[in-house]
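S.K.: test case, fold it:
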Amino acid sequence: HDPIAQFRVRRALDRQLILQSPSDLSPTDRVKLHTTLSQARECLRLFPTSFSVSEQAALSMLTEAHVMCSTDYGSAAAVAWAQDFQFDSLLLTRDLTDFHAAGSSITALALQRQQARAPDRISVQRIRDTFGPGGPESVGLSYQDYNRLLHIAQFGIRVFTPPGFTPCPTPAPLRIRYQEVHCAIHRLLHKQMLDGSVVVLPLTEALTIPGIHLQNAQHWTTKKGKPQGRTIADLSNTPDPLLHRPLNGHSSIDKKTVTDACIAAYGPITHPTLTVLVLMVLASADTFGWDAITLWKMDLQGAFNLLWFEPSSVPLLAFPLMFGLVVIHLVGLFGWAGMPYAFHVLTRALDRLIATRISGSSAFYVDDLMACSAVHLVEADRTVARSIITSLAGSTALARDKDELGRRLDFIGWQICLSTRTVSL
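M.R.: Residues are numbered from 1 along each chain as shown. So this is what the prediction gives:
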């Protein structure tokens, strides 16, 4: 648990070449893979089984695993990806001009952005059109969840704060990791600037906003298969949590208070388990036969970014940046304790809408749709799912590059194979 040792290991991993395909393996890597194969065969001898595997098949699987585990890029890859990125001065000027035009009110600007982009994001009209005349009862969604979704679409997500919380306009110190990869973080934020879901202002302007809270820390973490990683928000730590409570709370009582308020407003979270997913596949197999079914997946684009915050909560979501700038988030972000609860309202709605309108079986885990359909009906089912997602959440709500289809897919970290009828890690 030595942080210095962990840092050195992380830096060493960052410097290693990323293996993209079996053809990229060096002679040393191949020796490692053959050694692993020998160890696996020794292990198999300990079990009373006739299971055997050819060298080529085992090597292929080991190579795939090696490559997959080598795509967790580190900070060095993020820095290289960013290419010394700097914020576009025209966008910075646009945000400042919009802020002044809104009377230097970030809540007014947030409302304007929300209203301007309503036609192609989740809205009251989209909800009513997608559910149709049958309403939520037609798909088995509770009226309570339906009304929660309508409220989020119309007013945004309210940020609940812990007891004794007071906004602090003093900027928190910048994280070392943020400073190290700031170009990558800024490039990722730039994408949100383009669609108007964040506002970047000079610190001097941000300090004029009533109730601005600048004890938050913009942070970064790795994302599998993505050299740029992902931006996250540290809303759980402040330099002096007893003096300035973090937005997520500091004590266990603080955190429970925030969680309880979120559950009361948005409902509890219930994720599908591996058992549920396996039973889903078995149901399709019983209906259509093992050889006539296939697995498929879809993913929501941006996930938490699909939902707006309530404009009055936006001043609490400000983060100091380098170069005397502050980013203010207008849409959902990773790091706030209540975000999973608010987003799960959308998850539950999509889950019921799709499950009741396709011929196969399906389940949602946060922003991931996992399904099993008959081969001859799968394209029709996928078309229905795409239509529901884009009709409810907007034309850009679907990450089309993450669509997957096949007889062997990963569901919540487990590999399900229809051909061998097995589940494995």
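S.K.: tell me the helix or strand right after the lowest-mean-pLDDT helix or strand in the chain.
M.R.: Using mean pLDDT, DSSP states H and E, helix 3-15 stands out as the lowest-scoring helix or strand of the chain, at a mean of 61. Moving toward the C-terminus from helix 3-15, the next helix or strand (DSSP states H and E) is helix 27-44.
S.K.: so where's this protein shaky on pLDDT?
M.R.: 1-4, 6-25, 33, 48-53, 55, 57-59, 62-72 (pLDDT under 70).
S.K.: longest strand of it?
M.R.: strand 226-234 (DSSP state E).
S.K.: pairing partners for it, with directions?
M.R.: strand 217-223 (antiparallel) (DSSP bridges).
S.K.: would you mark the buried spots in the partner strand?
M.R.: Buried residues in strand 217-223, counted by 16 or more other CB atoms under 10 Å: 217-220, 222-223. No exception for glycine: its C-beta is placed from N, CA and C like everyone else's.
S.K.: could I get the CA-only coordinates of the longest strand of the chain as PDB?
M.R.: In PDB, the C-alpha atoms belonging to strand 226-234 read as follows (Å, rounded to 0.1, in the frame of the first residue of the first chain):
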ATOM      1  CA  LYS A 226      -9.400   4.900 -24.300                       C
ATOM      2  CA  PRO A 227      -6.000   6.600 -24.200                       C
ATOM      3  CA  GLN A 228      -7.700   9.900 -23.200                       C
ATOM      4  CA  GLY A 229      -9.200   8.300 -20.100                       C
ATOM      5  CA  ARG A 230     -12.200  10.100 -18.600                       C
ATOM      6  CA  THR A 231     -12.800  13.200 -16.500                       C
ATOM      7  CA  ILE A 232     -14.300  12.700 -13.100                       C
ATOM      8  CA  ALA A 233     -15.300  15.100 -10.300                       C
ATOM      9  CA  ASP A 234     -13.900  14.800  -6.800                       C
END
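S.K.: tell me what the helix or strand that that strand is followed by is packed against?
M.R.: For strand 226-234, the following helix or strand on the C-terminal side (DSSP H and E) is helix 252-266. Contacts defined by 3 or more CB pairs under 8 Å, 6 or more residues apart in numbering; DSSP states H and E place helix 252-266 against helix 339-355.
S.K.: how far does the helix it packs on sit from its chain's centre?
M.R.: The chain centre lies 14 Å from the centre of helix 339-355; the measure is CA atoms, centre = their mean, to the nearest Å.
S.K.: begin at 171 from here
M.R.: All set: I'll call the first residue 171, so the last point we hit is now helix 509-525.
S.K.: can I get that helix in CSV, CA atoms only?
M.R.: Taking Å, rounded to 0.1, in the frame of the first residue of the first chain, the C-alpha atoms of helix 509-525 are listed here in CSV:
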residue,chain,number,x,y,z
MET,A,509,-26.0,11.0,-9.9
PRO,A,510,-26.4,7.2,-10.1
TYR,A,511,-29.8,7.5,-8.4
ALA,A,512,-31.0,10.2,-10.7
PHE,A,513,-29.8,8.5,-13.8
HIS,A,514,-31.4,5.2,-12.8
VAL,A,515,-34.8,6.8,-13.3
LEU,A,516,-33.9,6.9,-17.0
THR,A,517,-32.4,3.4,-16.9
ARG,A,518,-35.6,2.0,-15.4
ALA,A,519,-37.7,3.7,-18.1
LEU,A,520,-35.6,2.4,-21.0
ASP,A,521,-35.4,-1.0,-19.4
ARG,A,522,-39.2,-1.4,-19.4
LEU,A,523,-39.8,0.3,-22.7
ILE,A,524,-37.4,-2.0,-24.5
ALA,A,525,-38.1,-5.2,-22.6
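S.K.: need the helices for the stretch 271-420 of the chain, in chain order.
M.R.: Here the stretch 271-420 of the chain has its helices, by DSSP state H, counting those that start in this stretch, at 276-286, 294-301, 313-325, 346-350, 352-364, 373-376.
S.K.: quick one: which of these is nearest Ala252?
M.R.: helix 352-364 (3.5 Å; CB to CB).
S.K.: does anything pack onto that closest one? Which helices or strands?
M.R.: helix 245-252, helix 259-271, strand 368-372, strand 387-393, strand 396-404.
S.K.: do you know which of the ones you listed lies nearest Gln284?
M.R.: strand 368-372 (12.2 Å).
S.K.: helices or strands up against that closest one?
M.R.: With 3+ CB pairs under 8 Å, 6+ apart as the test, strand 368-372 has helix 259-271, helix 276-286, helix 352-364, strand 495-499 packed against it.
S.K.: just checking: what are the partner strands of it?
M.R.: Strand 368-372 pairs in its sheet with strand 495-499 (antiparallel), by DSSP bridges.
S.K.: between helix 352-364 and the partner strand, find me the angle.
M.R.: With axes from the mean of the first three to the mean of the last three CA atoms, to 10 degrees applied, the angle from strand 495-499 to helix 352-364 works out at 50 degrees.
S.K.: restricting the selection to alpha carbons, write strand 495-499 to PDB.
M.R.: The C-alpha trace of strand 495-499 is given here as PDB (Å, rounded to 0.1, in the frame of the first residue of the first chain):
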ATOM      1  CA  LEU A 495     -10.300  29.400 -15.500                       C
ATOM      2  CA  VAL A 496     -13.300  27.700 -13.900                       C
ATOM      3  CA  VAL A 497     -15.500  25.000 -15.500                       C
ATOM      4  CA  ILE A 498     -19.200  24.900 -14.400                       C
ATOM      5  CA  HIS A 499     -21.100  21.700 -15.200                       C
END
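S.K.: in it, which residues are buried?
M.R.: The neighbour-count check on strand 495-499 (16+ other CB under 10 Å) flags 495-499 as buried.
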